[in-house]
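Asks: sequence unknown, structure follows:
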(Lines give C-alpha, C1' and ligand atoms only; values in the text may rest on other atoms or scores of the structure.)
Protein backbone atom coordinates (compact mmCIF):
# COMPACT_ATOMS: atom_id res chain seq x y z
CA UNK A 1 0.00 0.00 0.00
CA UNK A 2 1.39 3.36 -0.97
CA UNK A 3 1.67 5.80 1.88
CA UNK A 4 2.98 8.96 0.32
CA UNK A 5 2.91 12.14 2.29
CA UNK A 6 -0.77 12.98 2.80
CA UNK A 7 -2.40 16.30 2.30
CA UNK A 8 -1.49 18.43 5.26
CA UNK A 9 -4.17 18.56 7.97
CA UNK A 10 -3.50 22.00 9.53
CA UNK A 11 -5.59 21.44 12.66
CA UNK A 12 -3.80 18.19 13.43
CA UNK A 13 -0.30 19.65 13.22
CA UNK A 14 -1.37 22.83 15.01
CA UNK A 15 -2.69 20.67 17.85
CA UNK A 16 0.48 18.58 17.86
CA UNK A 17 2.61 21.73 18.08
CA UNK A 18 0.43 23.12 20.84
CA UNK A 19 0.51 19.89 22.85
CA UNK A 20 4.25 19.55 22.16
CA UNK A 21 4.95 23.00 23.59
CA UNK A 22 2.83 22.09 26.60
CA UNK A 23 4.79 18.89 27.14
CA UNK A 24 8.05 20.82 26.83
CA UNK A 25 6.85 23.31 29.43
CA UNK A 26 5.57 20.48 31.62
CA UNK A 27 8.88 18.61 31.32
CA UNK A 28 10.81 21.77 32.21
CA UNK A 29 8.65 22.22 35.30
CA UNK A 30 8.95 18.51 36.14
CA UNK A 31 12.73 18.79 35.80
CA UNK A 32 12.68 21.68 38.25
CA UNK A 33 10.60 19.60 40.65
CA UNK A 34 12.97 16.66 40.24
CA UNK A 35 16.00 18.85 40.95
CA UNK A 36 14.42 20.28 44.10
CA UNK A 37 13.38 16.83 45.28
CA UNK A 38 16.79 15.32 44.54
CA UNK A 39 18.75 18.09 46.26
CA UNK A 40 16.40 18.20 49.25
CA UNK A 41 16.10 14.46 49.82
CA UNK A 42 19.37 13.03 48.46
CA UNK A 43 19.55 9.64 46.72
CA UNK A 44 17.94 7.74 49.60
CA UNK A 45 14.97 10.07 50.04
CA UNK A 46 14.60 10.44 46.27
CA UNK A 47 14.33 6.68 46.07
CA UNK A 48 11.59 6.57 48.72
CA UNK A 49 9.67 9.33 46.93
CA UNK A 50 10.01 7.56 43.56
CA UNK A 51 8.93 4.18 44.92
CA UNK A 52 5.93 5.64 46.74
CA UNK A 53 4.58 7.45 43.67
CA UNK A 54 5.39 4.44 41.50
CA UNK A 55 3.38 2.16 43.79
CA UNK A 56 0.51 4.66 43.80
CA UNK A 57 0.68 4.93 40.02
CA UNK A 58 0.50 1.17 39.51
CA UNK A 59 -2.43 0.94 41.93
CA UNK A 60 -4.36 3.74 40.23
CA UNK A 61 -3.91 2.09 36.84
CA UNK A 62 -5.61 -1.00 38.25
CA UNK A 63 -8.33 0.80 40.20
CA UNK A 64 -9.28 3.22 37.39
CA UNK A 65 -10.72 0.12 35.64
CA UNK A 66 -9.72 1.36 32.20
CA UNK A 67 -12.11 4.31 32.27
CA UNK A 68 -9.54 6.59 30.61
CA UNK A 69 -9.06 4.21 27.68
CA UNK A 70 -12.80 3.86 27.06
CA UNK A 71 -13.30 7.64 27.49
CA UNK A 72 -10.96 8.49 24.60
CA UNK A 73 -12.40 5.75 22.40
CA UNK A 74 -16.11 6.38 23.06
CA UNK A 75 -15.85 10.16 22.97
CA UNK A 76 -13.90 9.86 19.72
CA UNK A 77 -16.59 7.60 18.29
CA UNK A 78 -19.30 9.87 19.74
CA UNK A 79 -21.01 6.92 21.44
CA UNK A 80 -21.19 8.51 24.88
CA UNK A 81 -21.14 11.94 26.52
CA UNK A 82 -18.48 13.56 28.66
CA UNK A 83 -21.11 14.02 31.35
CA UNK A 84 -21.71 10.28 31.56
CA UNK A 85 -18.00 9.47 31.63
CA UNK A 86 -17.46 12.06 34.34
CA UNK A 87 -20.29 10.58 36.41
CA UNK A 88 -18.88 7.07 36.02
CA UNK A 89 -15.44 8.40 36.93
CA UNK A 90 -16.54 9.81 40.26
CA UNK A 91 -18.08 6.47 41.17
CA UNK A 92 -14.81 4.74 40.28
CA UNK A 93 -12.92 7.30 42.39
CA UNK A 94 -15.05 6.39 45.43
CA UNK A 95 -14.29 2.74 44.73
CA UNK A 96 -10.55 3.43 44.49
CA UNK A 97 -10.63 5.37 47.77
CA UNK A 98 -12.27 2.43 49.54
CA UNK A 99 -9.81 -0.12 48.15
CA UNK A 100 -6.68 1.97 48.79
CA UNK A 101 -7.92 2.66 52.33
CA UNK A 102 -8.30 -1.07 52.95
CA UNK A 103 -4.78 -1.66 51.59
CA UNK A 104 -3.40 0.86 54.09
CA UNK A 105 -5.24 -0.82 56.98
CA UNK A 106 -3.94 -4.23 55.92
CA UNK A 107 -0.35 -2.97 55.63
CA UNK A 108 -0.38 -1.09 58.95
CA UNK A 109 0.25 -4.00 61.38
CA UNK A 110 2.78 -5.78 59.15
CA UNK A 111 4.79 -3.08 57.37
CA UNK A 112 3.74 0.19 58.99
CA UNK A 113 6.56 0.57 61.48
CA UNK A 114 9.28 -0.42 59.02
CA UNK A 115 7.93 1.94 56.33
CA UNK A 116 7.72 4.85 58.77
CA UNK A 117 11.27 4.16 59.93
CA UNK A 118 12.32 4.65 56.29
CA UNK A 119 10.34 7.90 55.97
CA UNK A 120 7.73 6.26 53.71
CA UNK A 121 4.31 7.76 54.58
CA UNK A 122 2.28 4.71 53.55
CA UNK A 123 -0.87 6.17 55.18
CA UNK A 124 -0.96 8.83 52.43
CA UNK A 125 -1.64 6.02 49.95
CA UNK A 126 -5.34 6.17 50.86
CA UNK A 127 -5.84 9.61 49.29
CA UNK A 128 -2.98 9.73 46.77
CA UNK A 129 -4.41 6.84 44.70
CA UNK A 130 -7.94 8.28 44.20
CA UNK A 131 -6.38 11.66 43.40
CA UNK A 132 -4.24 9.94 40.76
CA UNK A 133 -7.31 8.21 39.28
CA UNK A 134 -9.32 11.43 39.06
CA UNK A 135 -6.46 13.47 37.59
CA UNK A 136 -5.50 10.97 34.88
CA UNK A 137 -9.00 10.07 33.69
CA UNK A 138 -10.22 13.68 33.62
CA UNK A 139 -7.28 14.52 31.36
CA UNK A 140 -8.34 11.73 28.99
CA UNK A 141 -11.91 13.07 28.93
CA UNK A 142 -10.58 16.39 27.64
CA UNK A 143 -8.35 14.50 25.20
CA UNK A 144 -11.30 12.49 23.91
CA UNK A 145 -13.19 15.73 23.32
CA UNK A 146 -10.13 17.08 21.45
CA UNK A 147 -10.12 20.00 23.90
CA UNK A 148 -6.36 20.17 23.88
CA UNK A 149 -6.08 23.68 25.27
CA UNK A 150 -8.09 22.70 28.35
CA UNK A 151 -6.18 19.43 28.66
CA UNK A 152 -2.87 21.29 28.51
CA UNK A 153 -3.97 23.69 31.22
CA UNK A 154 -4.69 20.76 33.50
CA UNK A 155 -1.39 19.08 32.65
CA UNK A 156 0.55 22.27 33.44
CA UNK A 157 -1.43 23.19 36.54
CA UNK A 158 0.00 20.38 38.65
CA UNK A 159 3.72 21.20 38.26
CA UNK A 160 2.99 24.95 38.21
CA UNK A 161 1.66 24.59 41.75
CA UNK A 162 4.11 21.92 42.90
CA UNK A 163 7.33 23.68 41.87
CA UNK A 164 6.84 26.95 43.83
CA UNK A 165 5.30 25.03 46.73
CA UNK A 166 8.41 22.86 47.01
CA UNK A 167 10.65 25.90 46.57
CA UNK A 168 9.00 27.62 49.53
CA UNK A 169 9.09 24.47 51.64
CA UNK A 170 12.78 23.84 50.98
CA UNK A 171 13.55 27.48 51.81
CA UNK A 172 11.79 27.61 55.16
CA UNK A 173 12.54 24.10 56.47
CA UNK A 174 13.96 20.68 55.75
CA UNK A 175 11.85 18.62 53.35
CA UNK A 176 11.46 14.87 53.84
CA UNK A 177 9.61 12.37 51.63
CA UNK A 178 6.38 12.88 53.58
CA UNK A 179 6.39 16.64 53.00
CA UNK A 180 7.20 16.14 49.32
CA UNK A 181 4.29 13.71 48.87
CA UNK A 182 1.89 16.06 50.66
CA UNK A 183 3.00 18.86 48.33
CA UNK A 184 2.40 16.57 45.34
CA UNK A 185 -1.09 15.81 46.64
CA UNK A 186 -2.00 19.47 47.08
CA UNK A 187 -0.85 20.31 43.57
CA UNK A 188 -2.73 17.35 42.05
CA UNK A 189 -5.93 18.21 43.93
CA UNK A 190 -5.85 21.78 42.60
CA UNK A 191 -5.31 20.45 39.07
CA UNK A 192 -8.36 18.18 39.46
CA UNK A 193 -10.47 21.11 40.66
CA UNK A 194 -9.34 23.14 37.66
CA UNK A 195 -10.31 20.27 35.34
CA UNK A 196 -13.77 20.10 36.90
CA UNK A 197 -14.19 23.83 36.36
CA UNK A 198 -13.20 23.42 32.71
CA UNK A 199 -15.76 20.62 32.43
CA UNK A 200 -18.45 22.60 34.22
CA UNK A 201 -20.78 22.50 31.21
CA UNK A 202 -20.66 18.71 31.43
CA UNK A 203 -21.16 18.57 35.18
CA UNK A 204 -24.74 17.80 36.18
CA UNK A 205 -25.08 17.04 39.88
CA UNK A 206 -28.11 14.82 39.37
CA UNK A 207 -26.24 12.69 36.84
CA UNK A 208 -23.11 12.53 39.00
CA UNK A 209 -25.20 10.84 41.68
CA UNK A 210 -26.86 8.46 39.24
CA UNK A 211 -25.34 5.03 38.70
CA UNK A 212 -25.82 4.00 35.08
CA UNK A 213 -24.87 0.33 35.32
CA UNK A 214 -25.06 -0.50 31.57
CA UNK A 215 -22.78 2.37 30.51
CA UNK A 216 -20.40 1.78 33.42
CA UNK A 217 -20.20 -1.92 32.60
CA UNK A 218 -19.65 -1.20 28.89
CA UNK A 219 -16.91 1.34 29.51
CA UNK A 220 -15.15 -0.87 32.04
CA UNK A 221 -15.39 -3.91 29.76
CA UNK A 222 -13.74 -2.12 26.85
CA UNK A 223 -11.40 -0.05 29.01
CA UNK A 224 -9.98 -3.01 30.90
CA UNK A 225 -8.87 -4.60 27.63
CA UNK A 226 -6.69 -1.58 26.92
CA UNK A 227 -5.84 -0.92 30.55
CA UNK A 228 -4.22 -4.32 30.89
CA UNK A 229 -1.76 -3.11 28.27
CA UNK A 230 -1.30 0.22 30.07
CA UNK A 231 -0.59 -1.58 33.34
CA UNK A 232 1.92 -3.92 31.75
CA UNK A 233 3.48 -0.99 29.93
CA UNK A 234 3.86 0.88 33.22
CA UNK A 235 5.50 -2.21 34.67
CA UNK A 236 7.79 -2.26 31.64
CA UNK A 237 8.69 1.36 32.36
CA UNK A 238 9.14 1.06 36.10
CA UNK A 239 9.35 -2.52 37.38
CA UNK A 240 13.12 -2.36 37.12
CA UNK A 241 13.10 0.14 40.00
CA UNK A 242 11.79 -2.57 42.32
CA UNK A 243 14.43 -4.99 41.04
CA UNK A 244 17.08 -2.33 41.71
CA UNK A 245 15.67 -2.00 45.24
CA UNK A 246 15.93 -5.77 45.75
CA UNK A 247 19.47 -6.23 44.43
CA UNK A 248 21.05 -2.84 45.22
CA UNK A 249 19.40 -0.33 47.59
CA UNK A 250 16.99 2.60 47.88
CA UNK A 251 19.68 5.15 47.04
CA UNK A 252 20.31 3.35 43.74
CA UNK A 253 16.59 3.68 42.99
CA UNK A 254 16.91 7.44 43.53
CA UNK A 255 19.88 7.63 41.15
CA UNK A 256 18.11 5.54 38.51
CA UNK A 257 14.97 7.67 38.85
CA UNK A 258 17.02 10.71 37.86
CA UNK A 259 18.33 8.87 34.76
CA UNK A 260 14.78 7.92 33.78
CA UNK A 261 13.45 11.44 34.34
CA UNK A 262 16.06 12.99 32.05
CA UNK A 263 15.76 10.31 29.35
CA UNK A 264 12.02 10.91 29.04
CA UNK A 265 12.79 14.28 27.49
CA UNK A 266 13.11 12.30 24.24
CA UNK A 267 9.36 11.66 24.37
CA UNK A 268 8.30 15.30 23.93
CA UNK A 269 7.38 14.78 20.31
CA UNK A 270 6.04 11.24 20.68
CA UNK A 271 3.76 12.07 23.61
CA UNK A 272 2.38 15.14 21.87
CA UNK A 273 1.78 13.25 18.63
CA UNK A 274 0.18 10.23 20.32
CA UNK A 275 -2.09 12.47 22.41
CA UNK A 276 -3.48 14.27 19.35
CA UNK A 277 -3.29 11.27 17.02
CA UNK A 278 -5.45 8.83 19.02
CA UNK A 279 -8.78 10.71 18.85
CA UNK A 280 -8.05 11.65 15.23
CA UNK A 281 -7.40 8.07 14.16
CA UNK A 282 -10.35 6.79 16.17
CA UNK A 283 -12.73 9.00 14.19
CA UNK A 284 -10.99 8.27 10.84
CA UNK A 285 -11.76 5.47 8.42
CA UNK A 286 -9.29 2.65 7.76
CA UNK A 287 -7.83 4.24 4.63
CA UNK A 288 -7.12 7.62 6.23
CA UNK A 289 -5.65 5.99 9.35
CA UNK A 290 -3.37 3.81 7.19
CA UNK A 291 -2.17 6.88 5.26
CA UNK A 292 -1.54 9.04 8.31
CA UNK A 293 0.16 6.60 10.68
CA UNK A 294 3.40 5.74 8.80
CA UNK A 295 4.19 9.39 8.05
CA UNK A 296 3.65 10.34 11.68
CA UNK A 297 5.59 7.32 12.97
CA UNK A 298 8.73 7.77 10.88
CA UNK A 299 8.94 11.53 11.43
CA UNK A 300 8.39 11.00 15.18
CA UNK A 301 11.22 8.47 15.26
CA UNK A 302 13.48 10.84 13.32
CA UNK A 303 12.82 13.80 15.61
CA UNK A 304 13.16 11.61 18.71
CA UNK A 305 16.53 10.32 17.51
CA UNK A 306 17.75 13.89 17.01
CA UNK A 307 16.52 14.74 20.48
CA UNK A 308 18.34 11.75 21.97
CA UNK A 309 21.62 12.77 20.33
CA UNK A 310 21.27 16.29 21.67
CA UNK A 311 20.39 15.02 25.14
CA UNK A 312 23.40 12.71 25.15
CA UNK A 313 25.65 15.65 24.27
CA UNK A 314 24.49 17.80 27.19
CA UNK A 315 23.84 14.98 29.69
CA UNK A 316 27.08 15.45 31.71
CA UNK A 317 26.12 19.05 32.43
CA UNK A 318 22.51 18.11 33.16
CA UNK A 319 23.38 15.40 35.66
CA UNK A 320 26.31 16.98 37.46
CA UNK A 321 25.31 20.61 37.08
CA UNK A 322 21.65 20.35 38.02
CA UNK A 323 21.40 17.39 40.39
CA UNK A 324 24.78 17.60 42.08
CA UNK A 325 27.68 15.23 42.60
CA UNK A 326 25.53 12.87 44.69
CA UNK A 327 23.75 11.84 41.47
CA UNK A 328 26.83 11.61 39.22
CA UNK A 329 26.29 7.86 38.82
CA UNK A 330 23.05 8.59 36.91
CA UNK A 331 25.01 9.57 33.78
CA UNK A 332 25.97 6.11 32.48
CA UNK A 333 22.48 4.56 32.82
CA UNK A 334 21.01 7.65 31.16
CA UNK A 335 23.11 7.05 28.04
CA UNK A 336 22.08 3.40 27.93
CA UNK A 337 18.39 4.36 28.23
CA UNK A 338 18.38 6.69 25.22
CA UNK A 339 18.26 4.06 22.41
CA UNK A 340 15.28 2.43 24.07
CA UNK A 341 13.44 5.70 24.56
CA UNK A 342 13.77 6.42 20.84
CA UNK A 343 12.36 2.99 19.99
CA UNK A 344 9.44 3.47 22.35
CA UNK A 345 8.67 6.83 20.74
CA UNK A 346 7.74 4.91 17.59
CA UNK A 347 5.77 2.38 19.62
CA UNK A 348 3.62 5.15 21.10
CA UNK A 349 2.46 6.17 17.62
CA UNK A 350 1.84 2.61 16.46
CA UNK A 351 -0.01 1.75 19.67
CA UNK A 352 -2.37 4.66 19.02
CA UNK A 353 -3.09 3.25 15.56
CA UNK A 354 -3.70 -0.26 16.92
CA UNK A 355 -6.09 1.00 19.63
CA UNK A 356 -7.91 3.25 17.15
CA UNK A 357 -8.74 0.14 15.08
CA UNK A 358 -10.53 -1.30 18.13
CA UNK A 359 -7.72 -3.73 19.02
CA UNK A 360 -6.79 -2.93 22.65
CA UNK A 361 -5.99 -6.57 23.40
CA UNK A 362 -3.31 -6.53 20.70
CA UNK A 363 -1.52 -3.72 22.53
CA UNK A 364 -1.95 -5.65 25.78
CA UNK A 365 -0.43 -8.78 24.25
CA UNK A 366 2.54 -6.80 22.93
CA UNK A 367 3.25 -5.21 26.29
CA UNK A 368 2.85 -8.57 28.05
CA UNK A 369 5.47 -10.12 25.78
CA UNK A 370 7.73 -7.13 26.37
CA UNK A 371 7.33 -7.49 30.15
CA UNK A 372 8.88 -10.95 29.91
CA UNK A 373 11.97 -9.32 28.33
CA UNK A 374 12.00 -6.64 31.04
CA UNK A 375 11.93 -9.20 33.83
CA UNK A 376 14.39 -11.63 32.25
CA UNK A 377 16.91 -8.96 31.29
CA UNK A 378 16.43 -7.12 34.59
CA UNK A 379 17.14 -10.15 36.77
CA UNK A 380 20.09 -11.08 34.53
CA UNK A 381 21.72 -7.64 34.29
CA UNK A 382 20.88 -5.71 37.47
CA UNK A 383 22.71 -7.96 39.99
CA UNK A 384 26.09 -7.68 38.19
CA UNK A 385 25.74 -4.17 36.71
CA UNK A 386 23.39 -2.31 39.07
CA UNK A 387 21.48 0.65 37.64
CA UNK A 388 23.40 0.44 34.35
CA UNK A 389 22.08 -3.09 33.96
CA UNK A 390 18.56 -1.79 34.57
CA UNK A 391 19.01 0.77 31.79
CA UNK A 392 20.31 -1.83 29.32
CA UNK A 393 17.40 -4.14 30.16
CA UNK A 394 14.91 -1.32 29.58
CA UNK A 395 16.39 -0.44 26.19
CA UNK A 396 16.24 -4.08 25.11
CA UNK A 397 12.59 -4.32 26.17
CA UNK A 398 11.65 -1.07 24.42
CA UNK A 399 13.28 -2.29 21.22
CA UNK A 400 11.27 -5.52 21.34
CA UNK A 401 8.11 -3.48 21.91
CA UNK A 402 8.73 -1.50 18.72
CA UNK A 403 9.35 -4.67 16.70
CA UNK A 404 6.12 -6.31 17.91
CA UNK A 405 4.15 -3.10 17.32
CA UNK A 406 5.45 -3.00 13.76
CA UNK A 407 4.30 -6.56 13.17
CA UNK A 408 0.78 -5.75 14.43
CA UNK A 409 0.69 -2.51 12.44
CA UNK A 410 1.68 -4.31 9.25
CA UNK A 411 -1.04 -6.94 9.70
CA UNK A 412 -3.76 -4.35 10.38
CA UNK A 413 -2.81 -1.80 7.73
CA UNK A 414 -1.13 -3.85 5.00
CA UNK A 415 1.71 -1.31 4.90
CA UNK A 416 5.37 -2.30 5.01
CA UNK A 417 7.66 -1.83 8.00
CA UNK A 418 9.90 0.56 6.08
CA UNK A 419 6.98 2.94 5.51
CA UNK A 420 6.76 3.45 9.27
CA UNK A 421 10.50 3.46 10.01
CA UNK A 422 12.56 5.18 7.33
CA UNK A 423 12.28 8.93 7.02
CA UNK A 424 12.42 10.40 3.50
CA UNK A 425 13.86 13.63 2.21
CA UNK A 426 10.37 14.92 1.42
CA UNK A 427 9.38 14.27 5.06
CA UNK A 428 12.17 16.54 6.26
CA UNK A 429 11.17 19.20 3.75
CA UNK A 430 7.58 18.80 4.93
CA UNK A 431 8.61 19.27 8.57
CA UNK A 432 10.65 22.37 7.71
CA UNK A 433 7.67 23.83 5.85
CA UNK A 434 5.34 23.13 8.77
CA UNK A 435 7.81 24.61 11.24
CA UNK A 436 8.08 27.80 9.18
CA UNK A 437 4.31 28.11 8.84
CA UNK A 438 3.77 27.47 12.55
CA UNK A 439 6.46 30.02 13.44
CA UNK A 440 4.72 32.59 11.24
CA UNK A 441 1.39 31.81 12.94
CA UNK A 442 3.00 32.07 16.37
CA UNK A 443 4.55 35.45 15.53
CA UNK A 444 1.20 36.76 14.29
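Replies: Received, thanks. Because the structure is predicted, anything quoted here is derived from the model rather than measured.
Asks: confidence score at the residue in the chain sticking out farthest from the centre?
Replies: When distances are taken from the C-alpha mean of the chain, residue 109 lies farthest, 33.3 Å away, according to C-alpha atoms, centre = their mean. For residue 109, the model assigns a pLDDT of 83.
Asks: what helix or strand is it on?
Replies: When elements are assigned from DSSP states H and E, residue 109 belongs to helix 82-117.
Asks: Moving C-terminal from that helix, which element do we reach first?
Replies: Towards the C-terminus, the helix or strand next in line after helix 82-117, according to DSSP H and E, is helix 125-144.
Asks: Check which element follows that following helix along the chain.
Replies: Beyond helix 125-144 toward the C-terminal end (DSSP H and E), the next one is helix 148-172.
Asks: Give the buried residues for that next one.
Replies: By neighbour count with 16 or more other C-beta atoms under 10 Å, helix 148-172 contains the buried residues 148, 150-163, 165-166, 169-170. All C-beta atoms are positioned from the backbone trio N, CA, C, and that covers glycine.
Asks: Check stretch 314-330 too.
Replies: In terms of neighbour count (16+ other C-beta under 10 Å), stretch 314-330 has its buried residues at 315, 318-319, 322-323, 326-327, 329-330.
Asks: quick one: terminal-to-terminal distance for that stretch?
Replies: One end of stretch 314-330 sits 13 Å from the other (C-alpha to C-alpha, to the nearest Å).
Asks: For the nearest residue to residue 184 once chain neighbours are set aside, give me its contacts.
Replies: Excluding the flanking residues, the one nearest residue 184 by C-beta to C-beta, 6 or more residues apart in numbering is residue 162, at 6.2 Å. The contact partners of residue 162, by C-beta atoms under 8 Å, 6 or more residues apart in numbering, come to 29, 33, 183-184, 186-187.
Asks: Contact partners for the closest residue to residue 401 other than its chain neighbours?
Replies: Nearest non-adjacent residue to residue 401, counting by C-beta to C-beta, 6+ apart: residue 370, 4.4 Å away. Contact analysis of residue 370 by C-beta under 8 Å, 6+ apart lists 232-233, 236, 397-398, 400-401, 404.
Asks: I figured residue 293 hits residue 421, correct?
Replies: No: contact criterion C-beta atoms under 8 Å: residue 293 and residue 421 do not qualify, at 12.0 Å.
Asks: quick one: buried residues of the helix holding residue 109?
Replies: The neighbour-count check on helix 82-117 (16+ other C-beta under 10 Å) flags 82-93, 96-97, 100-101, 103-104, 115 as buried.
Asks: where does the residue nearest to residue 169 when sequence neighbours are not counted fall, phi/psi-wise?
Replies: Excluding its sequence neighbours, the residue lying closest to residue 169 (C-beta to C-beta, 6+ apart) is residue 175, at 5.2 Å. Dihedral angles of residue 175 (phi, psi; degrees, to the nearest 10) stand at phi -110, psi 130.
Asks: how close does residue 175 get to residue 313?
Replies: As judged by C-beta to C-beta, to the nearest Å, residue 175 and residue 313 stand 32 Å apart.
Asks: same deal with residue 41?
Replies: Using C-beta to C-beta, residue 41 is found at 28 Å from residue 313.
Asks: out of those two, which sits in the more crowded spot?
Replies: residue 41 (23 against 9; other C-beta atoms under 10 Å).
Asks: list the contacts for the more buried one?
Replies: Residue 41 touches 48-49, 175-177, 180, 254, counting by C-beta under 8 Å, 6+ apart.
Asks: Dump those into TSV; add neighbour count, distance to residue 58 and pLDDT as well.
Replies: Shown next, in TSV, are those (neighbours: other C-beta atoms under 10 Å; distance: C-beta to C-beta, whole Å; pLDDT from 0 to 100):
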residue	neighbour count	distance to residue 58	pLDDT
48	24	16	90
49	27	15	92
175	21	25	88
176	15	23	89
177	25	18	90
180	28	19	93
254	28	18	93
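Asks: Among the residues you listed, name the ones in helices.
Replies: 48-49, 177, 180, 254 (DSSP state H).
Asks: Assign residue 211 to one of the three secondary structure states.
Replies: For residue 211, the secondary structure call by DSSP: H, G, I helix; E, B strand; the rest coil comes out as coil.
Asks: and it, how far is that from residue 25?
Replies: Here residue 211 is placed at a distance of 38 Å from residue 25 (C-beta to C-beta).
Asks: One more: residue 133?
Replies: The spacing between residue 133 and residue 25, counted by C-beta to C-beta, is 24 Å.
Asks: more neighbours, these two?
Replies: The neighbour comparison of residue 133 against residue 25 (other C-beta under 10 Å) goes to residue 133, with 29 against 15.
Asks: got a list of what residue 254 touches?
Replies: Contacts of residue 254 (C-beta under 8 Å, 6+ apart): 38, 41-50, 327.
Asks: hang on, I meant residue 43
Replies: Residue 43 neighbours (C-beta under 8 Å, 6+ apart): 250-252, 254-255, 326-327.
Asks: For it, what is the enclosing helix or strand?
Replies: helix 10-63.
Asks: same check, this time on residue 261
Replies: If you go by DSSP H and E, residue 261 is part of helix 250-263.
Asks: what residue ranges in the stretch 51-200 of the chain are flagged as low confidence?
Replies: Applying pLDDT under 70 to the stretch 51-200 of the chain flags residues 112, 116.
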